[in-house]
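S.K.: got a predicted structure here, sequence first:
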Amino acid sequence: MSIYKWISFSSLAVCATLLSGCQNPNSGGPGGSGPVIIGTAIDEEPLPGQNDYPENADRSMFPHVYFSYDSSGVESSEIKKIEAVADYLNSNSSKAVILEGHCDERGSREYNLALGERRVLSVRDYLINLGVNSSAIQTKSFGEEAPFDMGHTKEAWAKNRCCVFGIYDQ
Amino acid sequence: MIKYFVLLGSIASLVLSTSARTLTVYGQATGKVTVNLSGYQTGRSPSSRTFLSVLKADLNRSGYLHVTSSKAAINVRGSCVANSTTIQATVQVYNAATRKHLLGKKYTQSAKKTRALAHKVADEILFAVTGKKGMASGKIAMVSNRTKHKELYICDIDGKNIRQITKDRSIVVGPRWAPDGKSIVYTSYKQGYPNVFITGKAKPIVHYGGLNTGGAISPNGHYMAVILSASGNPELYVISLRTKAVKRMTFTRKGNEASPCWSPDGSQIAFVSDTSGSPQIYVISSSGGRAHRISKGGSENVAPDWGKNGIVYSTRRGGKYKIAIVDPVRKTLKILQTDWADYEDPSWAPDDRHIVCSRTLKYHSSIYLLDTVKDSPVPLVRASGNWFSPACSP
């Protein structure tokens, strides 16, 4: 079911990029007229549909990537960690990765779900640019819901702002 | 007769109109209408006594009334009897000065629903006396980690009658009521990923790849606003619940969106976006177009809820979260006076005057009731564990 959803999603996305009005937010939807499509900007890479969650992925193979407060940009000090994962995936085509994003406890819970997702999507962008197939990358944001450090200090918060790499068999 | 005029003269301020609905008689400098229920009779059964005590508490919590055993502007008479299966209450409400009859009604209900009956009667008395819509029959959906897992709970707006709704041993985030007040839309990780669910349905209603969260149904019940990252970035979408058509509303490649909520007339959506560099509150027409920022000040502005009296949200100022209300038309901003704790996830109560939110002090969260007029904050849910992310029924 998930593959079908992905195919129908991406074909809709392809149609969206070809249609000239695709980025006009006024086309379709409540109060509008015309075909209703999921608009996709040209440089975006849609996510694959949901597969079974790889609960037993190996999360110990690669170190976490850490982020600054309220930021989802990849710091230059962290790039080597992502390159190591890309090298591994490019050399092991049977393996895939799930990127799990976390936030510290500041900010609203709902905003942190999006921030955590944005963090792993930044890492995903890097991996794709390094040649990893997007179908080998899944994302899951935990927001502030599953912190590694239950403390309330700056040190605890820094540990919690991260992307975790979970390696599993495709 | 002379005694009567003296009594009237001693009242702080007096406003009368011909219509019973807009009658307001202020008995004290507090500006609340005094109500006397001393003549109200209950039988010996616990249910009838519960009925009266819940009724009195609801009238006091309304913010407009003050229950007193001294001479009052309004008298409530009647009686309540109950057995193990049924409760019956008669209620007569009079203006004490003019003897005008404002409400006369007989109620019958299952004894199991004694509290619900008291809430209903409280709202009807409030309306008969002041013409205002009450909140006594409201419900709160909220999340708690009391069982170590974050599950969905419901309680009455007085903080009582807490019931656990999910038992998924997973994580629940961001509950919102459907406009009919019967179902709750929420995000859950029970199938491994953050998906949007609705109570009563085991399967998720939104489950694209990536993040699915922030489900909020429009006031007319036809659409749901939601945050999806399926395009490669978390963005705001509106889904038609009938046709399943999906419309993308934001295109912020470097920004995140979160927490959509609908205006009461369904024509606009308020939401959080950090496209400016920090999370702020924006408003967009529900048919799409440009989003306009409406939050000013504070280092973060999050968690909006849109009611008839404005958009309430949580604002981070001086290192603490406080509750702000902005009138999106007049652009006026009001920040509620609160203490040193963090106040987050505000939700308008059905009376459009009170706000339910979480209060966190020393990392312990409970549910509180705030008043936008003058009354002090009141704790509603302080049971063991943390209680947060409240949403009031419409």
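M.R.: That came through, no problem. Numbering: from 1, shown residues only, chains lettered A, B, ... in the order given.
S.K.: could you list the contact residues of the stretch 251-394 of chain B toward chain A?
M.R.: Where the stretch 251-394 of chain B comes near chain A, counting by Cβ under 8 Å from any Cβ of the partner chain, the residues are B:251, B:253, B:256-259, B:272, B:274, B:278-279, B:285-289, B:300, B:302-303, B:314, B:344-345, B:363, B:388-389. Yep, even glycine has a C-beta here, placed from its N, CA and C like the rest.
S.K.: and the gap between B:Y186 and chain A?
M.R.: The spacing between B:Y186 and chain A, counted by Cβ to the nearest Cβ, to the nearest Å, is 11 Å.
S.K.: contacts only, for that residue.
M.R.: Taking Cβ atoms under 8 Å, 6 or more residues apart in numbering or on different chains as the criterion, B:Y186 is in contact with B:A141, B:L152, B:V172, B:V173, B:G174, B:P175, B:R176, B:V196, B:F197, B:I198, B:T199, B:G215.
S.K.: so it is in which element?
M.R.: Per DSSP states H and E: B:Y186 is located in strand B:184-188.
S.K.: which phi and psi values does the residue of the stretch 51-200 of chain B found nearest chain A adopt?
M.R.: Ranking the residues of the stretch 51-200 of chain B by distance to chain A (Cβ to the nearest Cβ) places B:G192 first, at 2.5 Å. The main-chain torsion angles of B:G192 are listed as degrees, to the nearest 10 and equal phi 100, psi -30.
S.K.: same deal with B:L37?
M.R.: Recorded main-chain torsions at B:L37 are phi -110, psi 20, according to degrees, to the nearest 10.
S.K.: distance from stretch B:287-295 to the middle of the chain?
M.R.: Between the centre of stretch B:287-295 and the centre of its host chain there is 25 Å, according to Cα atoms, centre = their mean, to the nearest Å.
S.K.: that one - what's its average pLDDT?
M.R.: Averaging pLDDT along stretch B:287-295 yields 95.
S.K.: just the CA coordinates of it, formatted as CSV?
M.R.: Presented in CSV, the C-alpha positions along stretch B:287-295 are these (Å, rounded to 0.1, in the frame of the first residue of the first chain):
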residue,chain,number,x,y,z
SER,B,287,-8.4,29.6,0.2
GLY,B,288,-4.7,30.3,0.1
GLY,B,289,-2.5,33.2,-0.7
ARG,B,290,0.0,35.3,1.2
ALA,B,291,0.4,34.7,4.9
HIS,B,292,0.6,37.8,7.2
ARG,B,293,2.5,37.8,10.5
ILE,B,294,0.4,39.0,13.4
SER,B,295,2.7,38.4,16.4
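S.K.: near chain A too, which of the contacts of B:Y186?
M.R.: Here is what survives when those are matched to chain A using Cβ under 8 Å from any Cβ: B:V173, B:G174.
S.K.: list the ones among the contacts of B:Y186 that fall in strands.
M.R.: Among the contacts of B:Y186, DSSP state E puts B:A141, B:L152, B:V172, B:V173, B:G174, B:P175, B:R176, B:V196, B:F197, B:I198, B:G215 in strands.
S.K.: follow-up on the earlier one: check whether the residue of the stretch 51-200 of chain B closest to chain A really touches A:Y53, as I assumed.
M.R.: Yes - when contacts are counted by Cβ atoms under 8 Å, B:G192 is listed as touching A:Y53 (2.5 Å).
S.K.: between those two, which contacts overlap?
M.R.: Common neighbours of B:G192 and A:Y53 are listed as A:K140 (criterion: Cβ under 8 Å, 6+ apart).
S.K.: distance from stretch B:229-244 to the middle of the chain?
M.R.: Distance, stretch centre to chain centre, for stretch B:229-244: 27 Å (Cα atoms, centre = their mean).
S.K.: err, stretch B:216-232, not the other one
M.R.: Taking Cα atoms, centre = their mean, the mean C-alpha location of stretch B:216-232 is offset from the chain mean by 21 Å.
S.K.: any idea how far apart the tips of that stretch sit?
M.R.: Stretch B:216-232 has its terminal residues 21 Å apart, counting by Cα to Cα, to the nearest Å.
S.K.: hmm, it touching chain A?
M.R.: Yes - Stretch B:216-232 lies in contact with chain A when judged by Cβ under 8 Å from any Cβ; the contacting residues are B:S218, B:H222, B:Y223, B:I227, B:S229, B:A230, B:S231, B:G232.
S.K.: now, the most widely separated pair of the residues you listed?
M.R.: Taking Cβ to Cβ, the two most distant members of the residues of stretch B:216-232 next to chain A are B:H222 and B:G232; they sit 27.9 Å apart.
S.K.: who's more crowded, these two?
M.R.: The residue with more neighbours, out of B:H222 and B:G232 and counting by other Cβ atoms under 10 Å in any protein chain shown, is B:G232; that gives 23 against 15.
S.K.: measure the more buried one to B:F251 for me?
M.R.: 11 Å (Cβ to Cβ, to the nearest Å).
S.K.: likewise A:F62?
M.R.: 32 Å.
S.K.: now do B:V67
M.R.: According to Cβ to Cβ, B:V67 stands 54 Å off from B:F251.
S.K.: give me the residue at the spatial middle of the chain.
M.R.: Let's take chain A. Among the residues of chain A, the one closest to the centroid is A:L121, at 3.3 Å (Cα atoms, centre = their mean).
S.K.: let's do chain B instead
M.R.: B:A349 (2.3 Å).
S.K.: what's that one sitting at in phi/psi?
M.R.: With angles defined as degrees, to the nearest 10, B:A349 sits at phi -80, psi 160.
S.K.: do the same with B:A57
M.R.: Comment: the main-chain dihedrals of B:A57 come out as phi -60, psi -40, following degrees, to the nearest 10.
S.K.: now do B:A225
M.R.: phi -80, psi 150.
S.K.: pretty sure it is in contact with B:S263, am I right?
M.R.: No - proximity of B:A225 to B:S263 does not meet the contact threshold set by Cβ under 8 Å, at 11.2 Å.
S.K.: what sits against B:S278?
M.R.: Applying Cβ under 8 Å, 6+ apart as the definition, the contact partners of B:S278 turn out to be A:D70, B:S299, B:E300.
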